[in-house]
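A.B. asks: Requesting a structural model of the entry that follows:
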Amino acid sequence: MNKLQDRVAIVTGGGQGIGEAIARAFVAQGAKVAVVDVQLANAEKVAASLGDSAMACACDVGDRAQVDASVAAVTERWGRVDILVNNAGITRPAMLHKMTLEQWHLVLRVHLDGSFHFLQAVSTGMIARKYGRVINVTSTAGLLGTIGQANYSAAKAAIVGLTMSGAKELGRHGITVNAVAPAAATPMTETIRTDERFKEKYLERIPLGRWAEPAEIAPVFVFLASDDASYVTGQVLAADGGLTIR
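C.D. replies: Model (predicted):
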């Protein structure tokens with residue numbers, strides 16, 4: 001039996017990378033999925049490939065009005081939102097002493113504000129129905145820090161706090177809130193995976209000794225979105241090849 005049969009999900013940043021893989025995995029498990037992306041063409045391409053079980057939404061997650069419009073569109077089509085995956089993200093790398101306020105604020109706006117906007121927008125309906133699965137995407141950078149991306153690391157660390165607070169507040173309403181911390185499996189990490197200055201040094205820190213593929217990260221999200229994880233909340237699951245072993 002499909003683990004997500006007839007569930008309705010929103011996946012932000014669903015037009016590529018891990019977000020696309022999550023959307024595909026959810027549909028394969030019986031869900032209906034709104035592929036949300038700031039690049040509408042990417043969202044439409046993924047949604048079209050998934051057929052009637054998917055719809056595309058153009059949305060800048062940092063803009064609350066656009067977030068509310070996306071949630072309304074999904075609710076109008078399918079009646080509710082059962083699952084939210086806050087995956088949308090960007091990077092604006094710079095060393096700490098050279099980072100501009102624009103670079104700082106833009107990354108926090110997308111990652112942190114965007115996650116809060118969608119979580120708040122879907123929570124009312126989830127509370128009313130006494131059911132919900134929220135999965136935020138943090139990062140190993142949010143757990144360990146990283147060089148040249150203080151903005152990204154700070155945003156991802158804050159998402160951990162948002163996840164735990166959300167889990168404590170919403171648990172009594174039957175809503176679980178968890179986070180996944182993947183490592184170097186997205187287009188945003190292309191430089192780390194391909195630049196010889198970083199590639200070998202980073203791989204040496206991963207016990208499995210290889211990069212992840214988005215398709216092998218997606219099943220973690222299926223688990224947390226399913227009834228298999230009905231008693232799991234407030235957790236950060238690191239799908240990182242062992243990078244964060246302590």
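A.B. asks: any idea where the helices of this protein begin and end?
C.D. replies: Taking DSSP state H as the criterion, the chain contains helices spanning 17-28, 40-50, 64-78, 101-108, 114-129, 140-144, 150-170, 190-194, 199-203, 214-225.
A.B. asks: Adding mean neighbour count, write those helices out as TSV.
C.D. replies: In short, each C-beta sits where N, CA and C put it, glycine included. Formatted as TSV, the entries for the helices of the chain read as follows, by neighbours: other Cβ atoms under 10 Å:
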stretch	mean neighbour count
helix 17-28	25
helix 40-50	18
helix 64-78	17
helix 101-108	16
helix 114-129	20
helix 140-144	21
helix 150-170	20
helix 190-194	14
helix 199-203	13
helix 214-225	20
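A.B. asks: Can you give me every residue that contacts residue 97?
C.D. replies: By Cβ atoms under 8 Å, 6 or more residues apart in numbering, the contact list for residue 97 is empty.
A.B. asks: again with residue 150
C.D. replies: The contact partners of residue 150, by Cβ under 8 Å, 6+ apart, come to 96, 99, 104.
A.B. asks: Which of those residues sits closest to residue 1?
C.D. replies: Checking the contacts of residue 150 against residue 1 by Cβ to Cβ gives residue 104 as the nearest, at 46.3 Å.
A.B. asks: ok, and the closest non-adjacent residue to that closest one?
C.D. replies: The shortest distance from residue 104 to any non-neighbouring residue, by Cβ to Cβ, 6 or more residues apart in numbering, is to residue 151 (4.8 Å).
A.B. asks: Might you report the residue contacts of that neighbour?
C.D. replies: Listed by Cβ under 8 Å, 6+ apart, the contact set of residue 151 reads 92, 94, 99, 103, 104, 106, 107, 108.
A.B. asks: if you set the cut-off to 10 Å instead, what comes out?
C.D. replies: 90-94, 96, 99-101, 103-108, 111 (Cβ atoms under 10 Å, 6 or more residues apart in numbering).
A.B. asks: Also residue 70?
C.D. replies: Contacts here follow Cβ under 10 Å, 6+ apart; on that basis residue 70 touches 10, 12, 34, 36, 55, 57-61, 81, 117-118, 121.
A.B. asks: from the contacts of residue 151, which is closest to residue 42?
C.D. replies: Checking the contacts of residue 151 against residue 42 by Cβ to Cβ gives residue 90 as the nearest, at 13.7 Å.
A.B. asks: Next one: the nearest residue to that closest one once chain neighbours are set aside from residue 13, what distance?
C.D. replies: For residue 90, the nearest residue in space outside its immediate sequence neighbours is residue 110; the separation is 5.0 Å by Cβ to Cβ, 6+ apart. Separation of residue 110 from residue 13 (Cβ to Cβ, to the nearest Å): 9 Å.
A.B. asks: cool, and residue 153?
C.D. replies: The value you get for residue 153 to residue 13, if Cβ to Cβ is used, is 18 Å.
A.B. asks: mind listing what residue 49 touches?
C.D. replies: Counting by Cβ under 10 Å, 6+ apart, residue 49 makes contact with 20, 23, 24, 27, 35.
A.B. asks: okay, these in CSV with distance to residue 226 and pLDDT next?
C.D. replies: What follows is the contacts of residue 49, written out as CSV (distance: Cβ to Cβ, whole Å; pLDDT from 0 to 100):
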residue, distance to residue 226, pLDDT
20, 19, 98
23, 15, 98
24, 16, 98
27, 14, 98
35, 20, 98
